[in-house]
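Undergrad: okay, sequence plus prediction incoming.
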Amino acid sequence: MARLWVRAVLKAALARLRVLGAARRARDAVTALGWIAHNRRFLHRGDGDGLPVPPARLLMLTTASPSVEWFIQSGREGADSIRELLDRHDIPIARIGTMLDFGCGCGRVLRHWADLPAEVHGCDYNAALVNWCQRRLAFARFETNGLEPPLPYTTASFDLVYALSVFTHLPEPLQGQWVAELARVLRPGGHLIISTHGEAYLDTLSEPERSRFHAGQLVVRDGDAAGSNRCGVFFSEHYLRRHFAPGFSLREHITRGARGNPPQDLALLQSRLPSPSPGTTPDSAAPAVR
């Protein structure tokens, strides 16, 4: 507890002096130096995926670690968890026509779709990350978005959208705004996969925060830093079911299921089909299978 208090006091002092950002960059640079030899050994072994690797400053920004090994392997595990979740629901990822990585960072998960026939898109509100992806990951298309909607895509553009470690940093009203926006860009019947801070994080919450969590309410820390890793957002499966309706139905919720983003939960939601028009059958209202 004393250590946390000292960190809070030091952080406040650096912020008052307007050097907090510089101090963080210096800290990250020193940390990255200690990983140079390990990263070289990992890449020399040929354990990567053959695609370019982001510089240490971008790795630190997206994974809080300069480890290339963690970046590659956690991204692969994240992609595998998505693939396996879809397979369990008879949705082979090879048959997905268009997909969007919402909050793609520097392509940690998205890079593992390079061999898919799908049209792969990624977006992020950090322009530096998007710029790196645009220059280095030519198999996909990338756009910069704002902290608030809209996205630069037409309505019903995607069969699949996934957002790993995104809703974990969005307080209200951003939660509701982005739920509605992702429903807009998904085709009717399309799927949304998200990771969340769920029950695995209960020990990190205070007693009042745990009470709100169990009551199906949103628990937010550092909401003034929305969209960044400093903002932590926690909610239960009950909250997810209630607040992602009526646009989505929950197909599966897996506690600690977001491999590559441990110990976050993983959820598969489906965009609700519109009510059939008079004279149509339910099958005729369903999206085409690609």
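TA: Perfect, thanks for sending it. Numbering: from 1, shown residues only.

Undergrad: so which residues of this protein form helices?
TA: Along the chain, counting by DSSP state H, helices occupy 2-16, 20-33, 36-44, 56-63, 68-88, 127-136, 174-185, 207-214, 237-243.

Undergrad: how about the fifth one: buried residues?
TA: Put plainly, it is helix 68-88. Buried residues in helix 68-88, counted by 16 or more other CB atoms under 10 Å: 68-72, 74-79, 81-83, 85-86. Quick note: C-beta positions are derived from backbone N, CA and C, even for glycine.

Undergrad: where is the longest strand in the protein?
TA: Longest strand of the chain, by residue count under DSSP state E: strand 186-196.

Undergrad: got the angle for that strand vs helix 68-88?
TA: 130 degrees (axes from the mean of the first three to the mean of the last three CA atoms, to 10 degrees).

Undergrad: and strand 186-196, which strands flank it?
TA: strand 158-163 (parallel), strand 265-271 (antiparallel) (DSSP bridges).

Undergrad: any idea of the mean pLDDT in that strand?
TA: Here strand 186-196 scores 98 as its mean pLDDT.

Undergrad: what's it in contact with?
TA: 82, 85-86, 91, 156-168, 182-183, 234-235, 240, 248, 251, 258, 261, 264-274, 285-287 (CB atoms under 8 Å, 6 or more residues apart in numbering).

Undergrad: just the buried ones among those, please.
TA: Buried, going by 16+ other CB under 10 Å: 82, 85-86, 91, 157-168, 182-183, 234-235, 240, 248, 251, 258, 261, 264-271, out of the contacts of strand 186-196.

Undergrad: circling back: quick check: angle from the longest strand of the chain to helix 174-185?
TA: 150 degrees.

Undergrad: of the strands paired with strand 186-196, which is nearest residue 208?
TA: strand 265-271 (21.7 Å; CB to CB).

Undergrad: tell me the spacing between residue 133 and residue 257.
TA: Applying CB to CB, to the nearest Å, the value for residue 133 to residue 257 is 26 Å.

Undergrad: and what of residue 121?
TA: Using CB to CB, one obtains 24 Å as the distance from residue 121 to residue 257.

Undergrad: isn't residue 62 up against residue 104?
TA: No: counting by CB atoms under 8 Å, residue 62 stays clear of residue 104, with 9.4 Å between them.

Undergrad: ok, these two, which is more surrounded?
TA: Neighbour count, other CB atoms under 10 Å: between residue 62 and residue 104, residue 104 has more, with 29 against 22.

Undergrad: could I get the contacting residues of the nearest residue in space to the more buried one that is not next to it in sequence?
TA: Nearest residue to residue 104, sequence neighbours excluded (CB to CB, 6 or more residues apart in numbering): residue 122, at 3.2 Å. Shown in contact with residue 122 (CB under 8 Å, 6+ apart): 100-101, 104, 107, 110, 130, 133, 137, 140-143.

Undergrad: what about 6 Å?
TA: Neighbour list for residue 122: 101, 104, 110, 140, 142 [criterion: CB atoms under 6 Å, 6 or more residues apart in numbering].

Undergrad: returning to what we had before: same drill for residue 133 and residue 257, tell me which one is more crowded.
TA: Using other CB under 10 Å as the criterion, residue 133 and residue 257 rank with residue 133 on top: 27 against 21.

Undergrad: the more buried one: what's it in contact with?
TA: With CB under 6 Å, 6+ apart, residue 133 has these contacts: 107, 142.

Undergrad: tell me how far it lies from residue 67.
TA: From residue 133 across to residue 67, the span is 19 Å (CB to CB).

Undergrad: same question, residue 238
TA: Distance, residue 238 to residue 67, using CB to CB: 36 Å.

Undergrad: over to residue 144?
TA: The gap separating residue 144 from residue 67 is 26 Å, by CB to CB.

Undergrad: what of residue 111?
TA: 16 Å.

Undergrad: the two - which one has more neighbours?
TA: residue 111 (29 against 19).
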